[in-house]
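>>> Provide a 3D model corresponding to the input given below.
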Amino acid sequence: MADETIADLSLAEVADAIRAKRITSVEATEAALARLKRFGGPDRLNCLAGLDEEDALRQAKAADADLAKGRARGFLHGVPLAHKDMYFRAGRPSGCGSRFLNDVPARTTAAALERLDAAGAIEIARLAMVEFALGLTGHNVVVGTPRNPWNPAHITGGSSSGAAAAVAARLVYGALGSDTGGSIRFPAAACGIVGLKPTLGRVSRYGALALSFSLDTVGPLARTVTDCALIYDAIAGFDPRDPGSSRRAPEPTVPRLEGGVRGLRVGVPTSYFYDPLTPEMTKLVQASLEVFRAEGAQVIEVDIPDIAAANPLTLLITATEGAAAHGRQLPDHARDYGPQTLARLAAGLLVPASAYIEALAWRKALVRAFCKAVFERCDVLHVPVMVASPPTIAESDVGANPGFARQMTAMGHCTRPFNFLALPSISVPCGFAANGLPAAFQLAARPFAESTLLRASRAYERATDWHRQAPAL
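I've put the predicted structure just below:
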């Protein structure tokens with residue numbers, strides 16, 4: 001099978017093909033490596049942070065040898081993946097989008113990587129990201145900004161910028177990202193792929209870069225809902241090494257994916273989420289509701305509590321906890337930080353303890369009120385992801401255009417509330433704007449209802465073909 005044909009396969013398809021021995025892990029890995037080298041570098045998408053071709057092929061050969069002996073490690077056996085460059089692996093540096101971590105070997109391996117290893121996946125590359133995962137546009141003045149494969153003049157979104165670009169461009173079959181205020185869902189939406197932010201505590205953060213203990217979540221970006229479910233099922237579960245990890249046993253999602261949405265209650269909020277949207281984005285997102293109706297779902301309007309403060313309070317918590325997470329590194333390496341990253345983290349040092357505590361206290365009350373008001377009336381809440389089509393890299397550069405800083409806060413209008421509320425949510429592609437860039441809607445559900453989210457998203461995906469669209473590189 002030709003490299004280009006292999007690259008067009010979804011994660012689920014390539015996993016099936018390897019298990020059935022229609023292709024080998026080496027062939028799939030060579031196809032991914034070839035595209036990463038051709039399209040991932042600074043002269044093209046600039047989404048690649050690191051590549052160890054020799055180690056990747058060693059792993060692929062070992063996977064093929066195991067399969068020849070009838071030993072498959074798991075349902076991702078031999079599948080090449082690449083991840084946001086913030087998941088540590090013992091003995092290997094992870095730069096985290098910074099100037100000064102590229103030469104520091106990790107002492108531990110991230111729990112999410114351990115679980116993907118156990119499922120048989122192969123990690124072949126590290127993918128570019130916003131400096132220390134702090135930013136929604138995808139800009140990185142320190143190591144370079146990835147480009148959107150649908151139009152390289154535009155942003156990918158961040159902070160899982162390289163992951164979204166690489167998956168959308170068919171360079172890899174799936175990737176781990178992280179989401180503190182929208183950093184999985186926004187770039188997934190901007191690049192036309194699927195991105196899942198699980199419930200806070202559902203996936204262990206052990207061995208991953210810390211930004212905000214109260215908000216950080218680990219999750220997958222992939223081309224299809226099924227692909228996201230396969231990665232999610234591999235990484236979900238309790239881990240005592242993460243103090244925020246939930247002991248609640250995860251429900252496998254893949255067996256229920258094809259259950260459909262007949263009778264499912266899809267809620268549409270009557271306030272907040274659509275307030276700042278452009279007419280074009282509103283039309284694209286609302287059009288996706290007709291598919292749910294056609295598939296048998298009940299689409300109902302839902303009044304939601306006032307959550308306007310969730311966006312700025314998420315920023316406050318992120319800055320405060322981010323400054324604490326960086327500790328002595330912040331003053332000791334101040335010159336090595338990019339100016340926007342340094343400014344946001346330094347601002348966290350100035351937040352009064354009373355303001356931080358009040359934000360966390362209000363959060364608990366709002367979670368209870370929101371879940372009661374919304375999820376007693378509906379099973380999933382349907383909202384936008386982006387307020388407008390992704391801007392260009394030039395116009396969203398706050399260094400050259402300081403006025404864009406106000407728009408950066410608005411960019412998280414639809415994503416940050418679900419971090420603040422600790423709820424699972426997913427971004428699903430639903431069309432294209434007039435400028436040729438993707439659009440997406442978002443579903444959110446009650447805590448630990450990832451199975452319902454993925455089932456509903458899969459029903460929409462099965463009835464449409466947006467996930468089959470690929471950018472012309």
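>>> Please make it C-alpha for all contacts and neighbour counts, starting now.
OK.
>>> residue ranges for the strands of the stretch 251-400 of the chain, please.
Per DSSP state E, counting those that start in this stretch, the stretch 251-400 of the chain carries strands over the ranges 265-269, 298-302, 380-384.
>>> Next SSE downstream of the last one?
This points to strand 380-384. Later in the chain than strand 380-384, the nearest helix or strand by DSSP states H and E is helix 405-411.
>>> which one of the strands of the stretch 251-400 of the chain lies closest to residue 226?
strand 380-384 (18.2 Å; C-alpha to C-alpha).
>>> Contacts for that closest one, please.
For strand 380-384, the external contacting residues (C-alpha atoms under 8 Å, 6 or more residues apart in numbering) are 265-269, 273-274, 282, 285, 374, 414, 440-446, 452-453.
>>> among the residues you listed, which are in helices?
Residues from the contacts of strand 380-384 lying in helices, with DSSP state H as the criterion: 282, 285, 374, 452, 453.
>>> okay, among these, which ones form the most distant pair?
Spanning the widest gap among the ones in helices among the contacts of strand 380-384 are 282 and 452, at 24.3 Å by C-alpha to C-alpha.
>>> So if I had to pick from the two, which one is more boxed in?
residue 452 (23 against 20; other C-alpha atoms under 10 Å).
>>> mind listing what that one touches?
Counting by C-alpha under 8 Å, 6+ apart, residue 452 has contacts 379, 380, 445.
>>> What are the contacting residues of stretch 393-402?
Stretch 393-402 is contacted by residues 137, 139, 153, 154, 155, 404, 405 when judged by C-alpha under 8 Å, 6+ apart.
>>> Now do the residue nearest the centre of the chain against residue 69, distance only.
The chain has residue 184 as the residue nearest its centroid, 2.1 Å off, counting by C-alpha atoms, centre = their mean. In this view, residue 184 and residue 69 are 38 Å apart by C-alpha to C-alpha, to the nearest Å.
>>> cool, residue 294 as well?
Residue 294 is 47 Å from residue 69, by C-alpha to C-alpha.
>>> Neighbour count: these two, which is higher?
residue 294 (13 against 8).
>>> For residue 208, which non-adjacent residue is closest in space?
Spatially, and ignoring its direct neighbours in sequence, residue 208 is nearest to residue 87 (4.6 Å; C-alpha to C-alpha, 6 or more residues apart in numbering).
>>> was I right about the one you found contacting residue 110?
Yes - counting by C-alpha atoms under 8 Å, residue 87 does reach residue 110; the two are 5.7 Å apart.
>>> of those two, who's got more company?
residue 87 (27 against 20).
>>> Let me see the contact set for the more buried one.
Residue 87 makes contact with 94, 109, 110, 113, 207, 208, 209, according to C-alpha under 8 Å, 6+ apart.
>>> any idea which element residue 125 lies in?
Residue 125 belongs to strand 122-127 when assigned by DSSP H and E.
>>> Give me the distance between the residue at the greatest distance from the centre of the chain and residue 63.
Residue distances from the centre of the chain (C-alpha atoms, centre = their mean) peak at residue 69, which lies 35.5 Å from the mean C-alpha position. Distance, residue 69 to residue 63, by C-alpha to C-alpha: 10 Å.
>>> Likewise for residue 362?
Distance, residue 362 to residue 63, using C-alpha to C-alpha: 49 Å.
>>> Who has more neighbours out of those two?
Between residue 362 and residue 63, counting by other C-alpha under 10 Å, residue 63 is the more crowded of the two (24 against 13).
>>> Find me the pLDDT at the more buried one, would you?
If you check residue 63, the pLDDT there is 99.
>>> Got the phi and psi for it?
Backbone torsions for residue 63, taken as degrees, to the nearest 10, come to phi -60, psi -40.
>>> Could you look up the SS state of the nearest residue to it once chain neighbours are set aside?
The spatially closest residue to residue 63, leaving aside those adjacent along the chain, is residue 78, at 5.3 Å (C-alpha to C-alpha, 6+ apart). Per DSSP: H, G, I helix; E, B strand; the rest coil, the local secondary structure of residue 78 is coil.
>>> for residue 214, same thing?
coil.
>>> Please tell me how far it sits from residue 132.
Residue 214 is 16 Å from residue 132, by C-alpha to C-alpha.
>>> Could you do residue 462 as well?
36 Å.
>>> Have a look at these two and say which one is more surrounded.
Comparing residue 462 with residue 132 by neighbour count (other C-alpha under 10 Å), the higher total belongs to residue 132, at 22 against 14.
>>> hang on, that one in a helix?
Yes - assessed by three-state DSSP, residue 132 belongs to a helix.
>>> For it, which non-adjacent residue is closest in space?
residue 96 (5.4 Å).
>>> For residue 361, see how far away that neighbour is.
31 Å.
>>> quick one: which of those two has more around it?
Between residue 96 and residue 361, counting by other C-alpha under 10 Å, residue 96 is the more crowded of the two (25 against 11).
>>> how about the strands in the stretch 1-150 of the chain?
48-51, 80-84, 122-127.
>>> so which of these gets nearest residue 302?
strand 80-84 (35.8 Å).
>>> For the spatially closest residue to residue 449 that is not a sequence neighbour, list the residues it contacts.
Leaving aside its chain neighbours, residue 449 sits nearest to residue 424 (7.1 Å; criterion: C-alpha to C-alpha, 6+ apart). Each residue near residue 424 by C-alpha under 8 Å, 6+ apart is listed here: 196-200, 418, 444-450, 453.
>>> quick one: contacts for residue 13?
So residue 13 contacts nothing (C-alpha under 8 Å, 6+ apart).
>>> Now do it against residue 223, distance only.
Taking C-alpha to C-alpha as the measure, residue 13 falls 11 Å from residue 223.
>>> Stretch 345-357: which residues count as buried?
Buried residues in stretch 345-357, counted by 16 or more other C-alpha atoms under 10 Å: 345, 346, 348, 349, 356.
>>> Hmm, I typed the wrong one, I wanted stretch 324-338.
Of the residues in stretch 324-338, those buried (16+ other C-alpha under 10 Å) are 324, 325, 330, 337, 338.
>>> same check, this time on stretch 43-57
Those buried within stretch 43-57 under the rule 16+ other C-alpha under 10 Å are 44, 45, 46, 47, 48, 49, 50, 51, 53, 56, 57.
>>> Relative to residue 315, which of those is nearest.
Nearest to residue 315 among the buried residues of stretch 43-57 is residue 47, at 25.8 Å by C-alpha to C-alpha.
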